[in-house]
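Novice: Just need the structure, nothing else, for what follows:
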Amino acid sequence: MKFTELVRLLEQNGFRLIKEKGSIRYYVKTGHPRLIRVDFHGAKEVPTGTCHAILKAAGLK
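Specialist: Residues are numbered from 1 along each chain as shown. Take a look at the predicted model:
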């Protein structure tokens with residue numbers, strides 16, 4: 001999965017961008033207790049462990 005696909009998946013599930021500092025983006029969802037941090041690198045592939053950790057923190061599979 002590429003970073004752009006991961007961000008699209010988060011946004012389709014109700015997350016929205018609240019803060020961006022350099023290449024680091026923070027997403028939040030109403031009713032979700034945590035900020036989701038994504039180190040955005042565009043068209044590059046997300047490392048498998050990183051992808052799983054982001055999806056787990058977001059409560060997605």
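
Novice: C-alpha from now on. contacts and neighbour counts both.
Specialist: Will do.

Novice: quick one: strands adjacent to the strand or helix carrying Ile18?
Specialist: Element membership of Ile18, judged by DSSP states H and E, is strand 16-21. Paired with strand 16-21 in the same sheet, following DSSP bridges, are strand 24-28 (antiparallel).

Novice: what comes into contact with stretch 20-31?
Specialist: Residues outside stretch 20-31 that contact it (C-alpha atoms under 8 Å, 6 or more residues apart in numbering): 14-19, 34-41.

Novice: List buried members of these by neighbour count.
Specialist: Phe15, Arg16, Leu17, Leu35, Ile36, Arg37, Val38, Phe40 (16 or more other C-alpha atoms under 10 Å).

Novice: which one of these sits closest to Gly59?
Specialist: Ile36 (10.3 Å; C-alpha to C-alpha).

Novice: which stretches of the protein have low pLDDT?
Specialist: When the per-residue scores of the chain are filtered using pLDDT under 70, no range remains.
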